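> model the structure of this input:
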Amino acid sequence: MAAPGAESGARNALVLLIVLAAAAVTLVVALRTRSGETPDGTDVPAEPRPPRRLERTAPQREAIVLEQTETAGGGVDAIVHLPVEADTYVASGWPEQSFGLDPLYLGYDEMEGFAAQRILLRFDIVNNIPEGAAINDARLRMHLTYSAPEDDAAMRTVGRELLSPWAETTATWETQPTWGPVRTERLIGSEAVWYEWEVTELVADWASRARENHGMEIIGDERVQQRLRAFYARETTTPLYPRLIVDYTDYNDETPPAVSVNPLPDYALPDFTVSWTGDDHGGSGIVSYDVQYRVDGGEWFDWLTDVPYESDEFTGGENGRTYAFRARGEDRAGNVGRLRDTEASTTVDSEPPTSEVDALPPSTSERVFRVSWSGHDHGSGIWYFDVRYRLNGGDWVPWQQQTLANGATFVAMLNGTYEFEVRAVDRLGLEEAFTGLPEASTVVDARVPFGQP
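Presented below is the predicted three-dimensional model:
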């Protein structure tokens with residue numbers, strides 16, 4: 001039997017061990033919370049309806065580089081985590097009230113009279129993503145904290161680009177910024193989990209500085225009903241604030257690509273193929289092309305804009321008119337080449353050539369005589385002739401086929417009337433049609449004299 005003092009010491013040691021283990025768990029949770037690196041997959045139970053019109057301050061948060069590697073060309077591949085810079089919601093039921101410190105409400109609140117609610121978000125792109133970086137992927141992520149009804153079906157939401165400035169402490173339904181086209185869509189369930197919107201193209205526009213960054217607005221189901229969602233805002237002290245996860249490549253490329261239209265034949269049919277090639281000496285690679293054309297030396301017009309391919313069919317050319325082309329490219333770093341003067345041109349030929357058989361004497365006593373012909377083409381030029389004949393109005397018989405000559409010697413095997421017709425084919429394959437009408441004829445009357453053996 002153990003001594004009472006020994007038994008008491010063992011119990012104390014066990015209690016101390018349990019306390020230390022609990023403290024270790026608490027410390028790990030606290031460290032994760034302070035660093036803001038709790039995995040996005042961490043979900044929490046839905047909370048009661050979050051209060052509105054709060055007085056609180058958003059914790060200071062910085063962008064986090066999640067991954068970074070150097071590319072073979074000396075650029076950088078990176079994935080960054082951008083905390084939301086400004087967020088709020090506006091409510092049509094309180095059109096003059098701002099809610100910049102509240103959780104982010106979406107949908108329609110009929111019970112408390114807030115009516116339609118929309119979320120405004122903005123992220124600092126300029127100071128965290130290099131200008132001209134290629135955006136490989138971008139995702140807006142927000143964590144749901146409340147849903148009504150509790151087990152509601154998925155709600156369709158759209159994200160629209162904002163076109164004018166706003167501030168989270170002053171934005172109201174009446175003063176909400178102008179919004180542009182829909183740039184993303186997402187179904188939002190009722191579970192308290194992370195939801196994400198794919199916004200790659202929108203962030204690419206901001207990163208290239210092609211469009212000014214005023215953020216975006218999330219709009220849900222605004223039909224009159226009691227159906228809403230609430231998300232954590234940047235004022236939360238948890239790591240469940242809205243964020244933007246951006247995967248980008250900075251190619252360190254400041255050289256625009258060199259692009260030119262490939263040579264065209266002197267003449268072409270009304271529908272013909274135009275091709276172009278390019279080389280990006282900066283190393284980031286060409287992502288799109290612009291191709292222009294003009295007619296007979298006139299004004300330049302856009303034909304293809306922002307296309308990724310290197311050939312297409314130009315259609316509807318008019319006979320006898322000359323079409324000129326030029327092209328430029330844009331690389332992954334956002335460098336755009338310049339448009340030069342004509343790089344390739346061709347003249348449209350849509351009419352077949354014409355031809356005729358030269359006149360023959362009305363009659364001949366010779367069985368062997370020469371037949372000649374000629375032709376003319378206003379475009380690509382004559383490629384060859386086909387000549388045929390018939391005897392005494394019978395069936396037409398091919399005589400000279402695909403000949404380049406303008407005449408040949410004909411041998412009449414029988415007496416009678418010989419008629420001739422010719423057609424021409426040009427270098428584009430346009431064929432003159434046989435009409436079935438003779439173009440020249442002659443009567444052969446060659447009598448063999450009687451001879452003594």
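> so how many other residues sit close to Glu366?
Residues within reach of Glu366, counting by other Cβ atoms under 10 Å, total 11. (Glycine included, C-beta is placed from N, CA and C.)
> now it: closest residue in space, sequence neighbours ignored.
Nearest residue to Glu366 in three dimensions, chain neighbours excluded: Ala446, at 6.3 Å (Cβ to Cβ, 6 or more residues apart in numbering).
> wait, a strand at that neighbour?
No. With DSSP: H, G, I helix; E, B strand; the rest coil as the criterion, Ala446 is coil rather than part of a strand.
> residues contacting it?
Thr364, Ser365, Glu366, Arg367, Ala412, Asn415 (Cβ atoms under 8 Å, 6 or more residues apart in numbering).
> among those, who's most crowded?
Ala412 (19 neighbours).
> related to what we said a few turns ago, in CSV: the contacts of Ala446, plus pLDDT and secondary structure.
Below are the contacts of Ala446 laid out as CSV (pLDDT from 0 to 100; DSSP: H, G, I helix; E, B strand; the rest coil):
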residue, pLDDT, secondary structure
Thr364, 95, strand
Ser365, 95, coil
Glu366, 94, coil
Arg367, 95, coil
Ala412, 96, coil
Asn415, 96, coil
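> partners of the helix or strand where Asp312 lies, with directions?
Asp312 belongs to strand 311-314 when assigned by DSSP states H and E. Strand pairing for strand 311-314, using DSSP bridges, gives strand 272-279 (antiparallel).
> then the partner strand to PDB, C-alphas only?
Extracted as PDB, the C-alpha positions of strand 272-279 are listed here (Å, rounded to 0.1, in the frame of the first residue of the first chain):
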ATOM      1  CA  PHE A 272      -8.700  34.100 -97.800                       C
ATOM      2  CA  THR A 273      -6.500  33.200 -94.800                       C
ATOM      3  CA  VAL A 274      -4.400  35.800 -93.100                       C
ATOM      4  CA  SER A 275      -1.700  34.700 -90.600                       C
ATOM      5  CA  TRP A 276       0.700  36.500 -88.300                       C
ATOM      6  CA  THR A 277       3.600  35.500 -86.100                       C
ATOM      7  CA  GLY A 278       5.300  37.200 -83.100                       C
ATOM      8  CA  ASP A 279       8.300  36.900 -80.800                       C
END
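> after it, which helix or strand is next?
Next in sequence after strand 272-279, counting helices and strands by DSSP H and E, comes strand 286-295.
> run the angle between that next one and strand 272-279 for me.
Interaxial angle, strand 286-295 versus strand 272-279 (axes from the mean of the first three to the mean of the last three Cα atoms, to 10 degrees): 140 degrees.
> so, low pLDDT: which residues of the stretch 51-200 of the chain?
Applying pLDDT under 70 to the stretch 51-200 of the chain flags residues 73.
> all the strands of it, residue numbers only.
Along the stretch 51-200 of the chain, counting by DSSP state E, counting those that start in this stretch, strands occupy 64-70, 76-83, 86-91, 104-109, 115-122, 134-148, 155-162, 179-188, 194-198.
> any chance of JSON lines for the ones you listed, columns distance to Val295?
Formatted as JSON lines, the strands of the stretch 51-200 of the chain follow (distance: least, Cβ to Cβ, whole Å):
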{"stretch": "strand 64-70", "distance to Val295": "49"}
{"stretch": "strand 76-83", "distance to Val295": "45"}
{"stretch": "strand 86-91", "distance to Val295": "51"}
{"stretch": "strand 104-109", "distance to Val295": "53"}
{"stretch": "strand 115-122", "distance to Val295": "47"}
{"stretch": "strand 134-148", "distance to Val295": "36"}
{"stretch": "strand 155-162", "distance to Val295": "37"}
{"stretch": "strand 179-188", "distance to Val295": "34"}
{"stretch": "strand 194-198", "distance to Val295": "42"}
